[in-house]
Every structure is written in C-alpha cells, then in structure tokens.
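1. Have a look at this prediction, sequence included:
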Amino acid sequence: MTEIVPSSFWIYFNLSILALLGLDLFFVNRKNKAVSVQSTLGWVVFWIFVALLFGVWIYNYIGSTAATEYLTAYLIEWTLSVDNLFVFIIVFNYFKVPDEYQHRVLFWGILGALVLRGIFISAGVTLIHHFEWLVYLFGGFLVFTGIKIFFHKEDDETDLSKNIIVRFMRKFVPLSDEYDGNKFFTKRNAKLIATPLFLVLIVIEFTDLIFAVDSIPASLSISKNAFIIYCSNVLAVLGLRSLYFGISHLMKIFKYLKFGIAIILVFVGIKMLIAEFFHLPPLFALGTIITILFVSVLFSLRANSNEA
C-alpha cells in the first residue's frame, strides 16, 4: 500500500537540496577550476552522510519499513547509475571539455535530473496505482535488461557525432565551434548562439534520462511511495555526480561490477514479477543487493591480485 506523506515533506526536502546546491555553486566552486581529488572525496562523504542522516529522519517520522525501502532504493540507484558516470567521461573527452568547466555542466545537469526524475517517478507510481499490470511490464523489462548487460561485450569505439541528440542539436540549434569560457550561450554577429558547452549539457541530460529508464522501475520494485523513491534517487545522484571526478579508473579496478549490476537488475525484476504471489521483505531485498555487490567487488579484487 502506498503511503501518502504531507506536501510539506516535499517542500522542505527540495528547499534543503537547493540550498546545499547553492552553497556548492556560489561559495565552494564559485571560481572556474578543476575539482581536486580531495574535494571530490570530501563531497562524496558529505552527500553519503546527508543521505544516511535523511534515512534516520525517515525512520523517525515515517517508519522503519519506509527507512529500509529508502536505503534499498538508494543503494540500487548508486549501483545502477555508476555506468552513467563513465558515459559522462566519454562525453567530456569527446567534446574536449576543459576540466575547469566540467563541474558547471554537472551542476546544471543535476537540476535537470531533479525535475526529470521527479516527473518519471510520479508518473511511474501513478501508472502502477491505476494499471497494476504495468508492474509485470516493468519487471520483465528489468530482467531483460539485466540479461542483456550480463552478456554485453564492450565496444571501445565511441562516435558521438552519430548520436541522435547531437545530430538534432547541430541541425536545429545554432552552435558555435569554440568554447567561450564557461558560457552556455555567446554572441556571434549580434546573434545569440549556443556554445559546445550547452551541447554537452543537453547530451548529459538525455544520458541521465536514458539511464533512469531502468533505475526508476528498479526502485519501484522496492517501494510504491513516490517520496521515498524520489529522495533516494536525488541523494544518490548527488553523491554520484560528486564521485565523477575521482572515478575514471573504477571500472578497471572492479571489472566484475558489471555482472553484479546485471544480477541485481534480474533480482529486482523477478521481485516485481512475483510480488502479487510472494512478498519479499525489504530487509531481505536490501541484504541480497549488498551481498551481490560485495561478491562482485570481492571477485574483482581477487582477479586484480592474480593479474599483478
């Protein structure tokens, strides 16, 4: 059963997130400069702390079940969105975005992600509430996606010039060929045109949207409470975006993480498919996901030590 939380919870949460983002933009990173590893780790720890603190708040004001669902959905979002960061690296490298401007793109990308994910989650919860058969559609999609990821072979060739969003933007939006500092728009011959930095921002936004297609249904397998799913998604995204600047070698270290992600997708998909007949407790789901992650990381570290 879906719990309804007071509208004030939504308002206070979003205002708090905007205030913290404002602190980041206008005080911590008000100057255009590359983000250091120390700063990266500091922000990652900060956002994880905020997420855990918010979990305690949910436990006190909504209940223990909601808190468990929140932590599980938070962990799922972290797990499924790690690949997103590597796509960001590809995008930034392809467009040769200077290091000092990448934070600005990711910051404004977060604001777009908050809006788009809010719409996706609200729509998903509403649709499932009115059309319960969609649970099976989402569940089947997650199982299919997990199997596809498990057997997918990496392709090193990445040509973003063929990307549909890039092609659309270059065809219908006036774009300059050069960056103009950290500006998204500039003037050429008294006309306002977009810079490559704006193109990168749009590509990042649509990339996040595509990745949300599997992460949000996975979260819906854990809870039907839109507030719980939204908050877990937002806080996980904030932590992950901070992690971006120190993550470039993560997949090389955790080479089996991809298989763990695939198995988690299959697990949450099956959970959705059998929910009508067999209920898996939230704590069991949380423990299963943690175990899968732990095993995939452990196998990765063991493989690395054998290769050394």
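-> Yep, that arrived.
2. Tell me how far the helix or strand hosting residue 21 lies from the chain's centre.
-> Residue 21 is located in helix 7-23, with elements delineated by DSSP states H and E. Mean C-alpha position of helix 7-23 versus that of the full chain (CA atoms, centre = their mean, to the nearest Å) differs by 18 Å.
3. repeat for stretch 49-60
-> The answer for stretch 49-60 is 19 Å, by CA atoms, centre = their mean.
4. again with stretch 285-303
-> 20 Å.
5. ok, now stretch 193-208?
-> 17 Å.
6. what's the answer for stretch 189-196, then?
-> With CA atoms, centre = their mean as the basis, stretch 189-196 stands 31 Å off its chain's centre.
7. name the helices or strands packed onto the helix holding residue 21?
-> The elements that helix 7-23 packs onto, with contact taken as 3 or more CB pairs under 8 Å, 6 or more residues apart in numbering; DSSP states H and E, are helix 99-130, helix 226-243. In short, each C-beta sits where N, CA and C put it, glycine included.
8. relative to helix 7-23, how tilted is the last one?
-> It stands for helix 226-243. In terms of direction (axes from the mean of the first three to the mean of the last three CA atoms, to 10 degrees), helix 226-243 departs from helix 7-23 by 10 degrees.
9. tell me which element residue 186 is part of?
-> Residue-wise, residue 186 maps onto strand 185-188 under DSSP H and E.
10. Do a quick rundown of the strands in the stretch 201-308 of the chain.
-> Per DSSP state E, counting those that start in this stretch, the stretch 201-308 of the chain has no strands. Nothing in it meets that criterion.
11. residue ranges for the helices of it, please.
-> 226-243, 250-253, 257-274, 282-307 (DSSP state H, counting those that start in this stretch).
12. Highest mean neighbour count out of these?
-> helix 226-243 (a mean of 24; mean count of other CB atoms under 10 Å).
13. Name the residues of stretch 170-189 that are buried.
-> Buried residues in stretch 170-189, counted by 16 or more other CB atoms under 10 Å: 176, 179, 184, 186.
14. show me what contacts residue 293?
-> Going by CB atoms under 8 Å, 6 or more residues apart in numbering, residue 293 touches 75, 79, 257, 260, 264.
15. same thing with residue 228?
-> Applying CB under 8 Å, 6+ apart, the residues contacting residue 228 are 58, 62, 66, 69-70, 73.
16. Of those, which is the most crowded?
-> residue 73 (31 neighbours; other CB atoms under 10 Å).
17. Figure out the helix or strand that that residue lives in.
-> helix 64-94.
18. Then residue 142?
-> Using DSSP H and E, the element containing residue 142 is helix 134-151.
19. what's the spacing between that helix and its chain's center?
-> Distance of helix 134-151 from its chain centroid, counting by CA atoms, centre = their mean, is 18 Å.
20. ok, and what's touching it?
-> 124, 127-128, 214, 217-218, 220-221, 258-259, 261-273, 275-276.
21. cool, stretch 53-70 as well?
-> 3, 5, 9, 71, 74, 222-223, 225, 228, 231-232, 235, 282-283, 286.
22. Equivalent analysis for stretch 274-282, please.
-> Residues contacting stretch 274-282 (CB under 8 Å, 6+ apart): 65, 68-69, 72, 135, 221-223, 271.
23. Lowest-confidence one in these?
-> Ranked by pLDDT, the contacts of stretch 274-282 bottom out at residue 135 (73).
24. Around that one, count how many other residues there are.
-> 19.
25. quick check: mean pLDDT across stretch 199-208?
-> 87.
26. what about stretch 137-149, average pLDDT?
-> 80.
27. got a list of what residue 238 touches?
-> 17, 47, 50, 110.
28. Just the closest of those to residue 117, please.
-> residue 110 (10.2 Å; CB to CB).
29. if I look at residue 241, how far off is residue 79?
-> Separation of residue 241 from residue 79 (CB to CB, to the nearest Å): 15 Å.
30. just residue 243 next, same as before
-> 13 Å.
31. same question, residue 227
-> In terms of CB to CB, residue 227 sits 21 Å off from residue 79.
32. Closest to residue 163 out of the contacts of stretch 274-282?
-> Nearest to residue 163 among the contacts of stretch 274-282: residue 221, at 30.0 Å, using CB to CB.
33. residues in contact with that closest one?
-> 138-139, 142, 268-269, 271-272, 275 are the contacts of residue 221 under CB under 8 Å, 6+ apart.
34. Ok, residue 182 next?
-> 32, 100-101, 104, 197.
35. show me the contacts for residue 205.
-> By CB under 8 Å, 6+ apart, residue 205 lies in contact with 109, 112-113, 116.
36. Please pick the buried ones from the residues you listed.
-> Using 16+ other CB under 10 Å, the buried ones in the contacts of residue 205 are 109, 112-113.
37. Adding pLDDT, write those out as TSV.
-> TSV is the format used below for the buried ones among the contacts of residue 205 (pLDDT from 0 to 100):
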residue	pLDDT
109	83
112	83
113	80
